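Peer 1: Structure of the sequence below:
(one chain, ligands or ions: 2)
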Amino acid sequence: MLRRRSPLAALASAAGFSLLAAAVIPTAADADALTTRQTTALTTGLTTGPATALITGPASARATFTPGSAGVGDPYFPKAGNGGYDVGHYDLNLRFDPKSRRLSATATITAAATQDLSRFDLDFSGPKIHKVEVNGRKAAYTRKGQELIITPKSGLPSGATFTVEVSYAGKPKAINDEALGLEGWINTKDGAVVLSEPDGARSWFPANDTPRDKATFTFHVTAPVNVTVLANGEPKNPGIVGVRNGYTTVKWEMTQPMATYLAMVAIGKFKVTEGVVNGVPNITAYDPALAKQAKYLHRTTAKAIKWESKVFGAYPFSSTGGIADKLGVAYSLETQGRPVYDGGSEMAGDDLVIVHELAHQWFGDSVGVRSWKDIWLNEGFATYAEWLYEEQHGGSSAQKTFARDYKQKGRFWKVKTGDPGKAELFNGDAIYTRGAMTLHALRKKIGDETFFKLLPAWAEENRHGTVTTQDFVDLAEKLSGQDLDGLFDAWLYHAGKPAL
Ligand code: TRP
Ligand code: ZN
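Peer 2: Ligands and ions are numbered 1, 2, ... in the order given. From the prediction side, this is the model:
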């Protein structure tokens with residue numbers, strides 16, 4: 001569906017409190033009472049497991065509670081995300097022991113029902129669950145593939161806010177996708193780091209694992225005193241909130257809405273450098289084995305944020321930084337507010353990689369995709385940021401880079417940039433390079449003046465929201481006053497070299 005939502009509605013739903021829900025709070029309370037009265041009927045209906053639990057009662061109070069769907073309709077990841085609710089907040093309480101690699105955790109999720117729910121799913125592929133509670137009462141659950149199917153004692157009326165608490169323990173494992181490689185929970189020599197794009201969040205916490213449902217996050221992480229813990233956002237002052245039996249607990253908070261795949265914790269031996277850039281904390285950390293890259297990572301992060309804020313507009317988060325560790329995944333990830341660099345392949349020592357991951361803070365993180373097929377809106381933009389950075393720092397012009405790549409033949413043009421298929425989600429040619437070329441072709445057509453207004457306008461209009469390619473086409477047409485369907489159609493939805 002290529003319909004745009006108003007930024008306000010997107011924000012409200014990202015925060016988990018839809019405008020609709022806010023408007024019906026008194027009704028939701030009534031509905032709660034109603035549900036409590038009818039708990040027996042509902043529970044009976046549910047335990048026999050019909051697709052629809054019809055609640056009997058006074059005609060005026062009759063309501064039909066149905067299960068939330070097991071996915072949100074992303075064709076690349078049909079089971080990812082779930083229907084029937086919007087998450088507002090995740091509170092992840094994690095205890096990790098690097099020696100045994102055992103995680104014991106409680107995830108508390110605050111959500112708002114968007115339909116009358118008899119039951120709902122979370123995505124979860126992590127270790128053994130020992131308890132699930134909804135609104136503080138034990139709930140029945142089953143696991144089926146990546147779905148954690150939860151049946152609360154009473155139905156959840158549309159508009160009502162509810163909490164789900166899932167406790168689990170064991171050794172989390174990375175997800176190893178044939179086409180996409182390793183993602184999710186990655187154990188390291190002295191700890192663990194998570195990087196979960198596109199669907200690895202479920203390896204370590206129960207999630208509504210779709211980029212459409214952003215939420216705020218709190219992390220409470222307990223680990224041995226000799227290791228350091230970082231996460232998205234900022235550490236809560238005074239940082240360490242508890243010390244017990246050789247373990248410390250730290251609290252970090254991400255207070256801007258975040259997609260589940262961008263949630264990150266890093267546990268291990270880290271040297272941390274703290275500074276300030278553009279008025280926000282710059283917190284970088286590196287594995288001591290990567291000491292040579294440390295200063296470079298910190299300084300280049302500050303430099304990139306300053307330059308990008310000029311080109312893309314106000315930085316969207318309340319802190320920045322980066323984490324370099326030896327992960328062996330051979331990619332870096334734009335985890336929100338603080339990217340992770342796989343130092344094993346020297347990525348934190350390459351200014352263009354740092355520019356790329358930080359450009360994602362605007363394009364990918366703050367302005368997020370609704371569907372994975374639109375991944376070029378992330379990778380094409382971050383790659384074009386590299387081209388622009390080179391152009392404006394004495395390197396080759398974007399035009400020169402474009403011309404070089406335009407000469408490519410054959411398979412370079414094979415995959416469709418605007419709908420690559422799951423296996424080609426991170427195809428370097430089709431998504432990264434041709435995504436950037438699409439933007440350059442647009443720049444040439446609409447001119448520099450409009451193009452360099454379009455980039456910050458796109459970031460500003462959709463700040464902390466989610467978008468589709470059509471939204472971008474619409475904005476580009478609005479600002480340029482030109483019909484751009486032909487250009488985008490040729491560059492995004494056809495295999496083969498577009499004519500110039
Ligand atoms: N988004 C990452 C980047 O900035 C790349 C990435 C994430 C990736 N997950 C991946 C690449 C899985 C390959 C496989 O470039
Ligand atoms: Zn990228």
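Peer 1: Spatially central residue for the protein, please.
Peer 2: Ala259 (2.7 Å; Cα atoms, centre = their mean).
Peer 1: Isn't that residue up against Ala207?
Peer 2: No - taking contacts as Cβ atoms under 8 Å, Ala259 lies outside contact range of Ala207: 9.7 Å. Heads up, the C-betas are built off the backbone N, CA and C, glycines and all.
Peer 1: what residues are up against the residue nearest to the centre of the chain?
Peer 2: Each residue near Ala259 by Cβ atoms under 8 Å, 6 or more residues apart in numbering is listed here: Thr210, Pro211, Asp213, Lys214, Gln336, Asp365, Gly368.
Peer 1: what sits against the residue nearest to the fifth one when sequence neighbours are not counted?
Peer 2: Counting by Cβ to Cβ, 6 or more residues apart in numbering, the nearest residue to Gln336 once its immediate chain neighbours are dropped is Leu262, at 4.1 Å. When contacts are counted by Cβ under 8 Å, 6+ apart, Leu262 touches Ser196, Glu197, Asn232, Glu334, Thr335, Gln336, Asp365.
Peer 1: Could you list which of those residues also contact ligand 1?
Peer 2: The residues of the contacts of Leu262 that also fall near ligand 1, by Cβ under 6 Å from any ligand atom, are Glu197, Glu334.
Peer 1: In a markdown table, list the contacts of Leu262 along with neighbour count and secondary structure.
Peer 2: Listed next are those as a markdown table, based on neighbours: other Cβ atoms under 10 Å; DSSP: H, G, I helix; E, B strand; the rest coil:
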| residue | neighbour count | secondary structure |
| --- | --- | --- |
| Ser196 | 27 | coil |
| Glu197 | 25 | coil |
| Asn232 | 25 | coil |
| Glu334 | 25 | coil |
| Thr335 | 29 | coil |
| Gln336 | 28 | coil |
| Asp365 | 29 | coil |
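Peer 1: if we take the contacts of Leu262, which one ends up nearest to ligand 2?
Peer 2: For the contacts of Leu262, the minimum distance to ligand 2 (Cβ to the ion) is 6.1 Å, reached by Glu334.
Peer 1: What does the pLDDT read for the closest one?
Peer 2: pLDDT recorded at Glu334 is 98.
Peer 1: cool, and Ile55?
Peer 2: On the pLDDT scale, Ile55 gets 45.
Peer 1: same question, Gly418
Peer 2: For Gly418, the predicted pLDDT is 98.
Peer 1: Repeat that for Ala179.
Peer 2: 89.
Peer 1: And Trp387, which helix or strand is it part of?
Peer 2: Element membership for Trp387, per DSSP states H and E: helix 376-392.
Peer 1: does that helix come close to ligand 2?
Peer 2: Yes - using Cβ under 5 Å from the ion, helix 376-392 reaches ligand 2 at Glu379, Ala382.
Peer 1: Just the closest residue of the stretch 251-400 of the chain to ligand 2, please.
Peer 2: Ala382 (4.3 Å).
Peer 1: Thought Ala359 was touching that residue, still the case?
Peer 2: Yes - using Cβ under 8 Å, Ala382 is in contact with Ala359, at 4.4 Å.
Peer 1: what about the residue nearest to Gln336, distance to Leu327?
Peer 2: Counting by Cβ to Cβ, to the nearest Å, the gap from Leu262 to Leu327 is 16 Å.
Peer 1: Ok, Gly155 next?
Peer 2: For Gly155, the distance to Leu327 - Cβ to Cβ - is 43 Å.
Peer 1: Only the buried residues of the top helix by length along the chain, if you could.
Peer 2: For the chain, the helix with the greatest residue count under DSSP state H is helix 434-461. Within helix 434-461, the residues that count as buried by 16 or more other Cβ atoms under 10 Å are 434-443, 446, 450-451, 454-460.
Peer 1: I'd like to know which residues of the stretch 351-500 of the chain are adjacent to ligand 2.
Peer 2: Going by Cβ under 5 Å from the ion, the residues of the stretch 351-500 of the chain near ligand 2 are Glu379, Ala382.
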